[in-house]
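K.L.:
Sequence first, then the predicted structure, then my questions.
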Amino acid sequence: MKLEDKKCNCATGNIQKLTYEGIEDLLKQVQGWKVVDGHHLSKEYKFKKYIDGVQFVHQLAEIAEEQNHHPDIYLTWGKVRVEIYTHVVNGLTDNDFILAAKYDALRK
């Protein structure tokens, strides 16, 4: 099953922090995301118009609510930067990569 088709499992008792090998494996399944300090995912999306970025942020927020997994989103003229990590483990989990894949699917 593709990452974008999975649902985030945010039940705090079931969340496991990924190993380095797990991160490397999942990173191959998302496009253009960077792992920062082994702690979070980061990606910047570019837009020609400010309003396009605003509309994209709205779509990101809807998915975040649906998945019950909430990233940090930064909006500025011409770009939106997203940073994702799982707060309860203070690092990366499968959920972070699932959310990243769902976000990328919006731009296909």
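P.N.:
Ah, there it is.
K.L.:
where along this structure do the strands fall?
P.N.:
34-36, 40-46, 72-76, 79-84 (DSSP state E).
K.L.:
Can you tell me what sits against the first one?
P.N.:
Meaning strand 34-36. Ile23, Leu27, Leu41, Ser42, Lys43, Glu83, Leu92 (C-beta atoms under 8 Å, 6 or more residues apart in numbering). Every residue, glycine included, has its C-beta placed from N, CA and C.
K.L.:
From the chain's centre, how far out is stretch 28-39? Work that out for me.
P.N.:
Centroid separation for stretch 28-39 versus its chain: 9 Å, with C-alpha atoms, centre = their mean, to the nearest Å.
K.L.:
Just the endpoints, please. Distance across it?
P.N.:
17 Å (C-alpha to C-alpha, to the nearest Å).
K.L.:
For that stretch, could you pull out the residues that count as buried?
P.N.:
Residues of stretch 28-39 classed as buried: Val30, Trp33, Val35 (neighbour count, 16 or more other C-beta atoms under 10 Å).
K.L.:
likewise stretch 62-70?
P.N.:
Neighbour-count burial for stretch 62-70 [16+ other C-beta under 10 Å]: Ile63, Ala64, Gln67, His69.
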